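*Asks:* Pasting a predicted model and its sequence here:
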Amino acid sequence: MPEALATFLWNFARTNGFGIVTMDEDFQHLAARYGTPPQVVWVRLGNVRKPALLEAFTAVLADLRSGLENGTPVIEIG
């Protein structure tokens, strides 16, 4: 993803109170540089079909929820 687009999306999420769910490493770097908000859910599963993605999210749902509630800047799945 072009850096300008990642930065635009980061700022949009920050301004509007959104989180970011992504497979793109760029947002992890932005989180390290700027902190929260927004929080980032970094999906590190490669290209998988929806059932595998849902299974991965279901397996970590409690940890994901806890991380979001505690303000964890980057929550990795996979």
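*Replies:* Structure's in. What do you need? Residues are numbered from 1 along each chain as shown.

*Asks:* Count the neighbours of G35 for me.
*Replies:* Here the count is done by other Cβ atoms under 10 Å, and G35 has 11 residues near it. No exception for glycine: its C-beta is placed from N, CA and C like everyone else's.

*Asks:* Tell me where the protein has strands.
*Replies:* For the chain, the strands identified by DSSP state E occupy 20-22, 40-43, 74-77, in order along the chain.

*Asks:* who touches the shortest one?
*Replies:* Looking back up the chat, that one is strand 20-22. Outside strand 20-22, the residues that touch it by Cβ atoms under 8 Å, 6 or more residues apart in numbering are L9, W10, A13, F27, P38, Q39, V40, V41, W42, V43.

*Asks:* And stretch 5-13, by the same measure?
*Replies:* Identification of contacts with stretch 5-13 by Cβ under 8 Å, 6+ apart yields F18, G19, I20, D24, D26, F27, L30, Y34, P37, P38.

*Asks:* still on that earlier bit, would you tell me which one of the contacts of strand 20-22 comes nearest to E69?
*Replies:* For these, the residue nearest E69 by Cβ to Cβ is Q39; the value is 10.1 Å.

*Asks:* Now do that closest one, the pLDDT please.
*Replies:* pLDDT, the model's per-residue confidence, is 98 for Q39.
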